[in-house]
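Visitor: no sequence for this one, just the structure:
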């Protein structure tokens, strides 16, 4: 029996071999409908990334049906997914005038707020459900942000005294006036991550007075207990201390951090002066 006869008996069979399936014209945008961004553009942490692309070379059934399944993964430098896999499906019937039509797909994801700066990858895969063909394409994007040096053990990095909740940073010897509010920030890293990216970290503070005696203590000032999809490599820490009743003199702020998953503890002492 000739091939044309087989095609008439099986309506879903393709009339001819489909061209090579491929993913083309990948562009990144800050918002839907925004201009395509250059390779040197750097996204901020916590910002949305819009990814647009076309799928070409797909098959069409005898009754002009198209069926594509596409996925997108955003990966860090270690190949860890930033967000769950994005999925898009294209199922449509084409009209005779649609012979040059090709689907344009748009994905959106949010960069996690505590990622490291650097280069990240986007991996797009497409499957033609009619022909069984598959295609894969990659592109990169850049993320800006502060660098927190990694550690194998629990530690607080970049400790700094501040004149206000958002700064500025106290330069030189940390000297505060009686009645001010002392602020301090730091980044916690080196804690262990449990099953399902479980994080359990808490920190507290105490203050040693001019005689070396403890005059104030807050064992648990803040705690982070979560299971984020993307495993945060570090956590921001912030402390405040009202100096309204502090007498002039030299003090020591003691920061104590506990990693409940890894069974680790860390302590650091930071002197300051009240005038």
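Guide: Received the coordinates, thanks. None of the values given here were measured: they were computed from a predicted structure.
Visitor: any idea of the pLDDT on residue 2?
Guide: Per-residue confidence (pLDDT) for residue 2: 42.
Visitor: How is this structure divided into domains?
Guide: Listed by automatic domain parsing, the domain ranges of the chain are 7-143, 155-274.
Visitor: Turn those domains into TSV, columns for distance to residue 149.
Guide: Heads up, the C-betas are built off the backbone N, CA and C, glycines and all. Converted to TSV, those look like this (distance: least, C-beta to C-beta, whole Å):
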stretch	distance to residue 149
domain 7-143	10
domain 155-274	6
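Visitor: Columns mean neighbour count and mean pLDDT on top of the ones you listed, output as a markdown table?
Guide: Compiled in a markdown table, the domains of the chain are given as follows (neighbours: other C-beta atoms under 10 Å; pLDDT from 0 to 100):
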| stretch | mean neighbour count | mean pLDDT |
| --- | --- | --- |
| domain 7-143 | 15 | 92 |
| domain 155-274 | 16 | 96 |
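Visitor: which ones are touching residue 190?
Guide: 150-155, 259, 264, 266 (C-beta atoms under 8 Å, 6 or more residues apart in numbering).
Visitor: Tell me which entries of the residues you listed lie within strands.
Guide: Among those, the residues falling in strands (DSSP state E) are 155, 259, 264, 266.
Visitor: Most widely separated two among the residues you listed?
Guide: Spatially, the most separated pair among those is 155 and 259, at 10.3 Å (C-beta to C-beta).
Visitor: list the residues that contact both of these two?
Guide: Common neighbours of residue 155 and residue 259 (C-beta under 8 Å, 6+ apart) are 190, 266.
Visitor: Is residue 45 in contact with residue 118, as I believe?
Guide: No - between residue 45 and residue 118 there is no contact under C-beta atoms under 8 Å: 11.3 Å.
Visitor: residues touching residue 147, list them.
Guide: Under the criterion of C-beta under 8 Å, 6+ apart, the neighbours of residue 147 are 116-117.
Visitor: partner residues bridging residue 118?
Guide: Beta bridges link residue 118 to residue 143, judged by DSSP bridges.
Visitor: how about the nearest residue to residue 43, chain neighbours excluded?
Guide: Counting by C-beta to C-beta, 6 or more residues apart in numbering, residue 143 is the residue found nearest to residue 43 once chain neighbours are left out, at 5.3 Å.
Visitor: Same check on residue 66?
Guide: Excluding its sequence neighbours, the residue lying closest to residue 66 (C-beta to C-beta, 6+ apart) is residue 92, at 5.3 Å.
Visitor: if I pick the residue sitting nearest the centre point of the chain, what's in contact with it?
Guide: The centre of the chain sits closest to residue 112, judged by C-alpha atoms, centre = their mean, with a distance of 2.3 Å. When contacts are counted by C-beta under 8 Å, 6+ apart, residue 112 touches 45-46, 82-83, 228-230, 232.
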